[in-house]
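J.: this one's structure only:
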DNA sequence: CTGTTAGCGCTTTCAT
DNA sequence: ATGAAAGCGCTAACAG
């Protein structure tokens, strides 16, 4: 039998230390000037007892208001970013009574300029904290430097940018996820000699190293465990299905017999759809992210594995990290890797309906 | 750009409705008598606006105290139950300022009588809510009936008991997890013709149908996908290693060449240790639960897959469910299946260090 | 049945 | 530098 309790108030500490509530508050928050003598008396009491402030009283009385700004790619309902945003909204609810105001800004994820424009508009809003997804590496890097200069704490979700140290990062360990992808796709099956890897053909500023890292992890595993396996890389245009069909038609005409494919992003359903349309059976397909269209493919067998990364948790915790840092003055862990979830037809249902927060 | 806000107080509602704060409070909580006229005026205002009570003010002012009692098997540090208890403790922290008192009671998980004894002691404590793990089916059933009679809400973690309807259940879908276990262990490899399945030899009252369900799911998958596969069942004594060695020695002498084994509980490390000691290579071993000893086996390759079920979340949410029901008067979802996590050497690190709450 | 009022523990302002 | 006091929004007790 174990019991938990705790009912020490600031008033109690004040009485024990022989000072007033106001003084205790001043030492607790290092605000205002306190004489050495008073400070020591209070600190002595604090060491002896186990004081936990009543967060409800604290939140209720606090007058300070905070403005947090989130910068995300625009997105469709039920895609990866939508889930991340749902996590943010969850945290917003909890922050409401803490006098925190949260604004979400969107940029076109296929247009660097739109992203830059949003970044440029932020400083004038005098944010107390910023949450961002650094899709565009260079622009994000520059913006992060600006925030550092303005002394505004910021957190990253989804991907990291080398050389930038946010207050905290919430996302997947991309390299290791690629490793896992390779293990799931080929494992110890040494008879697999060909794998096709689809990637996005993009123009303009390179994205964050998310996909690059995933690919690197994948290659490393193959090289170590199945060195004779050939990896074919095929570039696709996510917004031009017809063009993709032609590209894939040609590829599989030239390389018949390839049964294993991997896609390092959430567009795996497009590839699965192609296989279905082309009546290509027995394909093993692996992709990323728990989004509606992929779930459907997983269930009907068109996709074998999905690797997921808890986007809601990313959004939820990233925003929370700002509050922990700014409001509760707590330490925040700088790097927070999400679990790399393996989804199959057999366990997907319990992920889809699970309120992860 | 999207913004969120909301600052309507009871006082505002009172003014809008032309009544006093007290009356608004009475209709919000259905307490005390309110005239039809007043009630309707207030309800009309409530429909038009979007009122969210300030939980901090509410918690601070509330005088009511709650006593929750949790009944768990005793356990070692870092085993499955320890994780579940960590989740409970997390929720306890959040409940502290809500005037909730939580006591955890332990029973010997190998002794029905100790469990019955604890159950018998609970009603005198006048609990407002109970959290329990119904390991012993019949006794738990009887106790649940008693709680129903006393009108005390209770929640189940870890396993369910047929015919009993707790306020909520938090745990895994055992049958489906068995299905998944089979898929992972043999998948489409039709050349696998023998699997050995280890189970616990227990005495006394049968446990909950947890293990039985897992086994059933496993068998069903094999039957459907690999009907020629033979499944050998071997009973072990978890608390007698020497005896187990003899049993396993004999089994593998009589059945050489079996490479695939499954254990439907967290003792998989015992089997893995045996294989290691006996220098049996190339064994594929699958078991349950993210506990320290199993993690070690996963990392050194002695275990291939672990299936995990988020015990912290179970404890955390189960206790929270009591608070939601009793304090916030919110609806609680009666059946809450945890995601069935697939752990391998490649992704285990990100589960081990992940603060799931 | 309804309005008024005294706190809950903490923050913050204002005298001293 | 420090104490006293007002008040955050809500609950609950009390007086009418």
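T.: Structure received. In this text the structure is predicted, and so the values were computed from the model without any measurement. Numbering: from 1, shown residues only, chains lettered A, B, ... in the order given.
J.: Which phi and psi values does the closest residue to DNA strand D within the stretch 51-200 of chain A adopt?
T.: Nearest residue of the stretch 51-200 of chain A to DNA strand D, counting by CB to the nearest atom of the strand: residue A:61, 3.4 Å away. From N, CA and C alone the C-beta is placed, and that goes for glycine too. With angles defined as degrees, to the nearest 10, residue A:61 sits at phi -80, psi -20.
J.: With residue A:269 instead?
T.: Torsion angles, degrees, to the nearest 10, at residue A:269: phi -60, psi -30.
J.: Tell me the secondary structure at whatever residue of chain A ends up closest to DNA strand D.
T.: Residue of chain A nearest DNA strand D, by CB to the nearest atom of the strand: residue A:33 (1.9 Å). What DSSP: H, G, I helix; E, B strand; the rest coil gives for residue A:33 is coil.
J.: Could I get the full set of strands for the stretch 151-300 of chain A?
T.: Along the stretch 151-300 of chain A, counting by DSSP state E, counting those that start in this stretch, strands occupy A:154-158, A:168-171, A:194-200, A:230-236, A:260-263, A:284-288.
J.: Each with direction, which strands does the first one pair with?
T.: What that stands for is strand A:154-158. strand A:129-132 (parallel), strand A:168-171 (parallel) (DSSP bridges).
J.: which parts of the stretch 51-200 of chain A sit against chain B?
T.: A:52, A:54-57, A:59-60, A:89, A:92, A:96-97, A:101-106, A:173, A:176-177, A:179-180, A:183 (CB under 8 Å from any CB of the partner chain).
J.: Show the buried residues in the residues you listed.
T.: Buried members of those, scored by 16 or more other CB atoms under 10 Å in any protein chain shown, are A:54-57, A:59-60, A:89, A:92, A:96-97, A:101-106, A:173, A:176-177, A:179-180, A:183.
J.: Return the subset of the residues you listed lying in helices.
T.: A:55-57, A:59-60, A:89, A:92, A:96, A:176-177, A:179-180, A:183 (DSSP state H).
J.: which one among those gets closest to DNA strand C?
T.: residue A:57 (3.2 Å).
J.: Please list all residues in contact with the nearest residue to that closest one once chain neighbours are set aside.
T.: Distance criterion CB to CB, 6 or more residues apart in numbering or on different chains; nearest residue to residue A:57, sequence neighbours excluded, is residue B:60 at 5.3 Å. Going by CB atoms under 8 Å, 6 or more residues apart in numbering or on different chains, residue B:60 touches A:54, A:56-57, A:60, B:97.
J.: Can you name the two of those that sit furthest apart?
T.: With distances taken as CB to CB, the most widely separated pair in the contacts of residue B:60 is A:60 and B:97, at 11.2 Å.
J.: follow-up on the earlier one: quickly note the distance from the residue of the stretch 51-200 of chain A closest to DNA strand D to residue A:68.
T.: 21 Å (CB to CB, to the nearest Å).
J.: With neighbour numbers in mind, choose between the two.
T.: residue A:68 (24 against 9; other CB atoms under 10 Å in any protein chain shown).
J.: did I read that right, that one in a strand?
T.: Yes - counting by three-state DSSP, residue A:68 is part of a strand.
J.: doesn't residue A:130 make contact with it?
T.: Yes - with contacts counted by CB atoms under 8 Å, residue A:68 reaches residue A:130, the gap being 7.2 Å.
J.: hey, what's in contact with both of those two?
T.: residue A:322.
J.: thinking again about what came up before, of the residues of the stretch 51-200 of chain A next to chain B, which ones also sit close to DNA strand C?
T.: Contacts with DNA strand C within those, as defined by CB under 7 Å from any atom of the strand: A:54, A:57, A:60.
J.: pretty sure the second one contacts residue B:54?
T.: No - between residue A:57 and residue B:54 there is no contact, the gap being 12.0 Å when judged by CB under 8 Å.
J.: Please name the residues that touch residue A:122.
T.: A:69, A:71, A:105, A:130, A:143.
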